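Undergrad: Here is the input, now give the coordinates:
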Amino acid sequence: MTYPIHCVDTQNTFSNDDLTKIIDDFIAQKATHAKRILILPPDITRFYSKAGFITAYLYQQLKDQAEIYFLPALGTHEPMSEKEIDAMFGTEIPKALFLPHFWRSDVVKLGEISAARISELSEGKLDCSMEVAVNKLLLDEKWDLIISVGQIVPHEVIGMANYTKNVLVGTGGADTIHKSHYLGAVYGMERIMGRTYTPVRQALNEGFDSYLRHLPVEFILTVLGKKNGSLALQGVFCGNQDETYEEACQLSQQLNLNLLDKPIKKAIVFLEPAEFKTTWLGNKAIYRTRMAMADDGELIILAPGLHRFGEDIEIDQLIRKYGYKTTDETLAAVNQNAELENNLSAAAHLIHGTADNRFKVTYCPDGGVSKEEIESVNYQYCHYKDMLARYPLEKMVNGWNTLEDGEEVFYVSNPALGLWATKQNFEHQ
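TA: Residues are numbered from 1 along each chain as shown. This next block holds a predicted model:
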């Protein structure tokens, strides 16, 4: 198999043995002489991506020939705990090899995307430059190989997750994270989600091409679909050029876009407690279903693991202060409040998390966040156990369900794994 390595199997899907053979091909072509390797995997929020398995296998195959370190692409997320590392990557990798990324302090600016270019990409809505910066570890000349591992899936900020985003946002700094997120928010989520190329993707790709192409970065990208009701690995793409990303996107769009014939009056989305502990992450339930929601519908978010709003304490405080109000209200708040203007990723998140009064959002935590807290940020509240009594999950299947009383609901067991929209909405955008 020659490089780049693009493998697709939507009929039978890839087993772990199949996956190891693909990674062996990658190693044979890109890592045989590497003595110092840095691996950039996702954190626990991409638990189902197969990136943990791939990362652990790379370590086992290369640890005898190379010095290997791991820099999880956290973005603004908290550093991984030892328990999360064990769950994601197994227990064989020494914990000392996992290095935390601190997005506020560990980055080096390499250049910038000009204000004129950002204005062009935002259709005149933004007038600011955007830094291109990454964790200083990436710039250490000792690395023979830097491997970015992750999943291609529809994404609310950039269109399709991963590729250059894993580097420039996952290991990037405040300015890049804030402005890329805000660029996506002002351009419009509905125009972005599920698209291969968007203004945010173009900005990050241009930054990577201008300032990081000299680094020995290679990408291993996975695409997962559903097979017999379970997640299944159906694509693996190894390469360092746009064509690898583009082909992975084509498969993800085929597998992860769920286009419906009619809008959803009532949606129920479950948030796995080990993965979703904040609305910063849990609002994927909103991002990924909003294009399918009917006007005046209700989105019920079952969030048993919810314990606060922001992954980052400072952002958590901003969410509590400003709440998930309408887009126009948040844009006005940015113009009127320096603390929000200086934290544009938080502002973008508030825009992503609003229903703009078009449909109702009911959050259902299991005691980790109070009724008063949920309502203070402009969501409706119900206790998890009370909602579970009304909608028992063991009786639900993904997609449309008709209950015994005749009520029709749409169930999503994991919003991170797809994008739901009506055919009319997606095609219109």
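
Undergrad: any chance you could map the helices in the stretch 251-400 of the chain?
TA: Taking DSSP state H, counting those that start in this stretch as the test, the helices found in the stretch 251-400 of the chain are 279-282, 284-287, 313-322, 327-336, 338-341, 344-352, 371-376, 384-390.

Undergrad: Tell me which other helices or strands the first one touches.
TA: The one in question is helix 279-282. For helix 279-282, the contact count by 3 or more CB pairs under 8 Å, 6 or more residues apart in numbering; DSSP states H and E identifies helix 313-322 as packing neighbours. In short, each C-beta sits where N, CA and C put it, glycine included.

Undergrad: re earlier: nearest to E404, of the helices of the stretch 251-400 of the chain?
TA: When the helices of the stretch 251-400 of the chain are compared by CB to CB, helix 384-390 sits nearest E404, at 11.6 Å.

Undergrad: In CSV, list the C-alpha atoms belonging to the closest one.
TA: Provided in CSV are the C-alpha atoms of helix 384-390 (Å, rounded to 0.1, in the frame of the first residue of the first chain):
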residue,chain,number,x,y,z
TYR,A,384,-32.6,13.3,34.8
LYS,A,385,-34.5,10.6,36.7
ASP,A,386,-37.9,12.3,36.2
MET,A,387,-37.3,12.5,32.5
LEU,A,388,-36.0,9.0,32.3
ALA,A,389,-39.2,7.7,33.9
ARG,A,390,-41.2,9.4,31.1
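
Undergrad: List the contacts of that helix.
TA: Residues from elsewhere that reach helix 384-390, judged by CB atoms under 8 Å, 6 or more residues apart in numbering: 300, 302-304, 362, 364-367.

Undergrad: now the residues you listed in JSON lines, with distance to D9 and pLDDT?
TA: Shown next, in JSON lines, are these (distance: CB to CB, whole Å; pLDDT from 0 to 100):
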{"residue": "I300", "distance to D9": "35", "pLDDT": "98"}
{"residue": "L302", "distance to D9": "33", "pLDDT": "98"}
{"residue": "A303", "distance to D9": "34", "pLDDT": "98"}
{"residue": "P304", "distance to D9": "35", "pLDDT": "98"}
{"residue": "T362", "distance to D9": "39", "pLDDT": "98"}
{"residue": "C364", "distance to D9": "38", "pLDDT": "98"}
{"residue": "P365", "distance to D9": "39", "pLDDT": "98"}
{"residue": "D366", "distance to D9": "39", "pLDDT": "98"}
{"residue": "G367", "distance to D9": "43", "pLDDT": "96"}
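
Undergrad: Using PyMOL, define a selection of the buried residues within the residues you listed.
TA: This is the PyMOL syntax for the buried subset of the contacts of helix 384-390, where burial follows 16 or more other CB atoms under 10 Å:
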select buried, resi 300+302+303+304+362+364+365+366
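
Undergrad: so, if you compare the contacts of helix 384-390, which one comes nearest to V149?
TA: When the contacts of helix 384-390 are ranked by distance to V149 (CB to CB), A303 comes first, at 27.9 Å.

Undergrad: From K321, how far out is that closest one?
TA: To K321, A303 is 21 Å away according to CB to CB, to the nearest Å.

Undergrad: Ok, G406 next?
TA: The gap separating G406 from K321 is 42 Å, by CB to CB.

Undergrad: what's the answer for E92, then?
TA: Taken as CB to CB, the span from E92 to K321 is 44 Å.

Undergrad: picking that back up, counting neighbours, go ahead and name the busier of G406 and K321.
TA: Neighbours per residue, other CB atoms under 10 Å: of G406 and K321, the larger number sits with K321, 14 against 6.

Undergrad: Show the pLDDT at the more buried one.
TA: You'll see K321 listed with a pLDDT of 98.

Undergrad: now N16
TA: Value for N16, per-residue pLDDT: 97.

Undergrad: Apart from its neighbours in sequence, what residue is nearest it?
TA: Distances taken as CB to CB, 6 or more residues apart in numbering place F53 nearest to N16, at 6.6 Å, with adjacent residues excluded.

Undergrad: before we move on, what about G418?
TA: Per CB to CB, 6+ apart, closest to G418 is N256, 4.5 Å.

Undergrad: what's near enough to touch that neighbour?
TA: For N256, the contact set (CB under 8 Å, 6+ apart) comprises 153-154, 194, 223-225, 417-419.

Undergrad: for those, which one is nearest T13?
TA: Ranked by distance to T13 (CB to CB), the contacts of N256 are led by G225 at 7.7 Å.

Undergrad: for the closest one, helix, strand, or coil?
TA: Here G225 is recorded as strand under DSSP: H, G, I helix; E, B strand; the rest coil.

Undergrad: Just give the number of residues close to it.
TA: By the other CB under 10 Å criterion, the neighbourhood of G225 contains 18 residues.

Undergrad: beta partners of it?
TA: Using DSSP bridges, the bridge partners assigned to G225 are A232.

Undergrad: domain ranges for the chain?
TA: 5-256, 261-428 (automatic domain parsing).

Undergrad: what about the closest residue to K262 other than its chain neighbours, distance to N401?
TA: Using CB to CB, 6+ apart and skipping residues adjacent in sequence, the residue nearest K262 is T422, 6.7 Å away. Remark: distance between T422 and N401 (CB to CB) = 18 Å.

Undergrad: Around L344, count how many other residues there are.
TA: Applying other CB under 10 Å, we find 23 residues neighbouring L344.

Undergrad: got the contact list for it?
TA: Taking CB under 8 Å, 6+ apart as the test, what L344 contacts is 178-179, 181-182, 334.

Undergrad: For the residues you listed, which entry has the maximal number of neighbours?
TA: Counting by other CB under 10 Å, Y182 has the largest number of neighbours within those, with 28 neighbours.

Undergrad: Am I right that that residue is in a strand?
TA: No. Counting by three-state DSSP, Y182 is not part of a strand but helix.

Undergrad: Could you point out which of the helices of the stretch 251-400 of the chain sits nearest E67?
TA: Taking CB to CB, helix 279-282 is the member of the helices of the stretch 251-400 of the chain nearest to E67, at 32.7 Å.

Undergrad: Give me the residues contacting the closest one.
TA: For helix 279-282, the surrounding residues in contact (CB under 8 Å, 6+ apart) are 45, 76, 271, 275-276, 301, 303, 306, 309-312, 315-316, 319, 349, 353, 363, 377.

Undergrad: Done for today, thanks.
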